[in-house]
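Asker: take a look and give me a structure for this.
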Amino acid sequence: MRDADDVKSEIDALALFTRKGMRLPDVSKVVYDVAQGWDGKKVFLQDGDALVYPFPKLREVLQYLNEKLPSVERIGTYATPQDILRRSSEELKELKRLKLGIFYTGLESGDDELLQKIGKGATSDELVEAGKKVKEAGIIFSVTIILGLGGVEGSQKHALETARVLSEIDPEYAGALTLTFVPGTPLYEQRERNEFHPLSPFQSLEELKLIIENSNFTDCFFSSMHASNYLSVRGRLPRDKEKMLSELEKVLAARNPSLLRPEFLRGL
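Answerer: Below is the predicted model of the structure:
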């Protein structure tokens, strides 16, 4: 973890640059590269899960950020379900008051068996509890799911359980990613030993279609725009559900590989 004073020094440098264009020699060039295209309205606490930071220090940093950069309208961070549940409702509301307005959380799946297999560290009930806790605090919730995580055999259960959990959480944003095999990881080795049977590109679209069909949202922007996906669809659910399903159905009916993102263009 970075020391709070270290974070504050970076905030000082950013404030000095945005106001007077001055650069400090001991500050990373990346700070200034980012600042040149920054509109001053949004900040992201990177690079890991900032919600794990001890609450007094997190509050201190946010207060300092608001003091030095009053033009900031919203601050965002990654947040694991475990860290959300460790925070009290009062603490989450305090963070919201300090403009920490959006959490990005990996849901991955709603299938408890699958969540255990991948070492998620949270059950579907805990995922739902965390999501509701965030929304009750008035913080925007953005979640991601992973297509293909259950393989061929677990595809339908993964899709239906994920749709169930998404519906119960009812997030403002939901994004689908597609499973990517990384050499050296357990899942990669399982695939190499033929113990895990991955979905084909069109099977992953069928899974996506099943999730959209069975999800019920109040007002959620749902997309598969991430570079790992074979096809990008997006829209606001439930308003655009039929349009999005129609796009998927056309591609699935054609079964034309040229309509999909090529494997070599897929990225993490």
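
Asker: so what strands line up beside the helix or strand containing Thr105?
Answerer: Assigning secondary structure by DSSP states H and E places Thr105 in strand 100-108. In its sheet, strand 100-108 lies beside strand 74-78 (parallel), strand 140-147 (parallel), with partners assigned from DSSP bridges.

Asker: can you tell me what sits against the lowest-mean-pLDDT helix or strand in the chain?
Answerer: Across the helices and strands of the chain, mean pLDDT, DSSP states H and E gives its lowest value to helix 29-36, namely a mean of 84. Outside helix 29-36, the residues that touch it by C-beta atoms under 8 Å, 6 or more residues apart in numbering are 10, 13-14, 17-18, 23. Backbone N, C-alpha and C define where each C-beta goes, glycine included.

Asker: buried only: go through those residues for me.
Answerer: Among these, the ones that count as buried by 16 or more other C-beta atoms under 10 Å are 13-14, 17-18.

Asker: other SSEs contacting the longest helix seen in the chain?
Answerer: Longest helix of the chain, by residue count under DSSP state H: helix 4-20. Judged by 3 or more C-beta pairs under 8 Å, 6 or more residues apart in numbering; DSSP states H and E, the packing partners of helix 4-20 are helix 29-36, helix 55-68.

Asker: most tightly surrounded among these?
Answerer: Across the helices and strands packed on helix 4-20, averaging neighbours per residue (mean count of other C-beta atoms under 10 Å) puts helix 55-68 on top, at a mean of 16.

Asker: list the contacts of that one.
Answerer: Here helix 55-68 makes contact (C-beta under 8 Å, 6+ apart) with 4, 7-8, 11-12, 14-15, 43, 50-51, 53, 72, 75, 87, 91, 94-95, 98-100.

Asker: what do you get for stretch 112-121?
Answerer: For stretch 112-121, contacts defined as C-beta under 8 Å, 6+ apart pick out 80-82, 108-109, 122-124, 127, 149-150, 154, 157-158, 161, 187.
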